[in-house]
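Q: Structure for this input, please:
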Amino acid sequence: GDGLRWNVLDRTQTATHPLWILLLAAVRVSLYLFSTTTTVVLVRHAEKAPPESGPDPVLSAEGQERALRLARLLGEADVAAVYASDTRRAQLTASPLAARLGVTVTTRAGNDVEGLLDDIGEHHQGERVVVIGHSNTVPALVEQLTRGRAEVTISDDEFDAVYVVTVTRFGPASVLRLRY
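A: Below is the predicted model of the structure:
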């Protein structure tokens, strides 16, 4: 009879009942998981030395200055990781920023877009990361992160674009293009 009926108006029983506690915990976990936002900042390497300097050129003087500007721009942006391709120009673009942030540059093969995105998703979900890539890989990364909703093209002489891609667990990713 009446002894088995649960009175939902009795707040002391309602608030401490194990099912309510479990439900509230599940809601909190769901809100955390669904509100997790990962920010991926994509940048092409800075200007490189002339092609006659070899197949894997270093940065030109202008490129070295740009790498320092990037470090000033993002050096206090609470970035968790810096990724760069395995070329010297990408490594040299990333180095001043990584030094300012106190992190090590994580090197990935330039053409391993899938592996890079898997690594970011596995190790840096909900964080900010910077990726130094190339005129062909930065657009591929933007396209992958936005699931084809955004396309970018980088010309051979374009080194000043920064793409800030914000990825959430729900809804489309957004892309903000800046210049530095």
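
Q: Across the sheet, point out what pairs with the residue nearest to the spatial centre of the chain.
A: Against the mean C-alpha coordinate of the chain, by Cα atoms, centre = their mean, the closest residue is Val40 at 2.1 Å. Under DSSP bridges, the beta-bridge partners of Val40 are Val129, Val165.

Q: Distance of it relative to Glu65?
A: Separation of Val40 from Glu65 (Cβ to Cβ, to the nearest Å): 25 Å. For the C-beta atoms, the positions are set from N, CA and C on the backbone; glycine is no exception.

Q: low-confidence ranges in this structure?
A: For the chain, applying pLDDT under 70 flags the ranges 1-18, 20, 22-35.

Q: can you map out the strands along it?
A: 37-44, 81-85, 105-108, 128-133, 161-168, 174-179 (DSSP state E).

Q: got TSV for these, with distance to Pro96 too?
A: Below are the strands of the chain laid out as TSV (distance: least, Cβ to Cβ, whole Å):
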stretch	distance to Pro96
strand 37-44	12
strand 81-85	10
strand 105-108	10
strand 128-133	11
strand 161-168	15
strand 174-179	18
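
Q: Need the winner for burial among those.
A: strand 128-133 (a mean of 25; mean count of other Cβ atoms under 10 Å).

Q: Can you tell me what sits against it?
A: Residues from elsewhere that reach strand 128-133, judged by Cβ atoms under 8 Å, 6 or more residues apart in numbering: 38-45, 74, 77-85, 90-91, 93-94, 97, 110, 116, 120, 138, 141.

Q: now swap in stretch 74-94 and tell me
A: 41, 43, 45-46, 48, 56-59, 63-64, 66-67, 70, 97-98, 100-101, 103-110, 116, 119-120, 123-124, 127-134, 137.

Q: buried subset of these?
A: 41, 43, 45-46, 48, 57, 59, 63-64, 66-67, 70, 97-98, 100-101, 103, 105-106, 108, 110, 116, 119-120, 124, 127-134, 137 (16 or more other Cβ atoms under 10 Å).
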